[in-house]
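[1] Sequence below, structure please.
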Amino acid sequence: MTTSLRRRLRAGDPAAFRELFDADAEAIYRYAARALGDRTTAEDVLSLTFLEAWRLRERLQSDGESVRPWLFGIATNVLRNTTRAARRHRAALARLPAPEAVPDHSDDVVDRIADDARLAAARRALNHLRPHEREVFLLCVWSGLDYAAAAEALGVPIGTVRSRLARARARLREVTPAIQEPARRYGQLTGDRGYAVRSSQETAR
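    Residues are numbered from 1 along each chain as shown. Sure thing, here's the model as predicted:
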């Protein structure tokens, strides 16, 4: 089944990409949202990840296990580029006068604020980690990849994943004891994730 999907993806079969999207879009979105602390930018990362998967499809090996590590590897590279662009954007915004606040009276504003607060708290904790440690932590702890899958996604040996994850956990225990079990605290994101997935599916097509 996996080998067949890989070959169909390499051949550019639209149905195969729809299957891949249906299976993994939500996981990629959560990965990006937690990494960035910003759901809107996570929508862009989701779209770009699947566009890149289409562009790079011929690089996917015909034989192998799950294609999820390959997809998370693409998402990781998109996140790296997004993070660099965001830093430049924030620097530019810092030079501008602060915009006047516009009140939001929508029904879901309370839930949205709570979600954003959780994402921001997670992002602040992850900022204590080095970039490579943060990537491994997000992949293994919050995205559920095992050591081998994370190693494939990042293009590093399994031993490197183990050591980076150990350092990440030690650092987080040191600076933020409350985040020792992040997957339980920051489980399902609410708000407009469904819209993000639907809109990205249209883009990926």
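[2] Where does pLDDT dip in this protein?
    The model of the chain has pLDDT under 70 over residues 1-3, 83-118, 176-205.
[3] can you give me the helices for it?
    2-10, 14-36, 39-55, 68-94, 109-126, 131-137, 147-154, 158-175, 182-185, 193-204 (DSSP state H).
[4] Could you give the number of residues near the closest residue to Thr82 other than its chain neighbours?
    With sequence-adjacent residues excluded and distances taken as Cβ to Cβ, 6 or more residues apart in numbering, Thr82 is closest to Val45, at 5.8 Å. Using the backbone N, CA and C atoms, a C-beta is placed for each residue, glycine as well. By other Cβ atoms under 10 Å, 25 other residues sit near Val45.
[5] Repeat that for Ser4.
    10.
[6] just Glu65 next, same as before
    12.
[7] go on, Ala11?
    With other Cβ under 10 Å as criterion, Ala11 counts 11.
[8] Tell me how far it lies from Trp54.
    Ala11 sits at a distance of 12 Å from Trp54 (criterion: Cβ to Cβ, to the nearest Å).
[9] same check, this time on Asp44
    16 Å.
[10] Same check on Arg134?
    27 Å.
[11] Compare the two and say which is more crowded by neighbours.
    The residue with more neighbours, out of Arg134 and Trp54, is Arg134; 20 against 15, by other Cβ under 10 Å.
[12] which ones are touching that one?
    35, 126, 168 (Cβ atoms under 8 Å, 6 or more residues apart in numbering).
[13] Would you mind confirming that the residue nearest to Thr82 makes contact with Asn77?
    No - Val45 lies out of contact with Asn77 (Cβ atoms under 8 Å); the separation is 10.4 Å.
[14] isn't Ala149 right up against Val67?
    No - if you go by Cβ under 8 Å, Ala149 and Val67 don't touch, sitting 10.4 Å apart.
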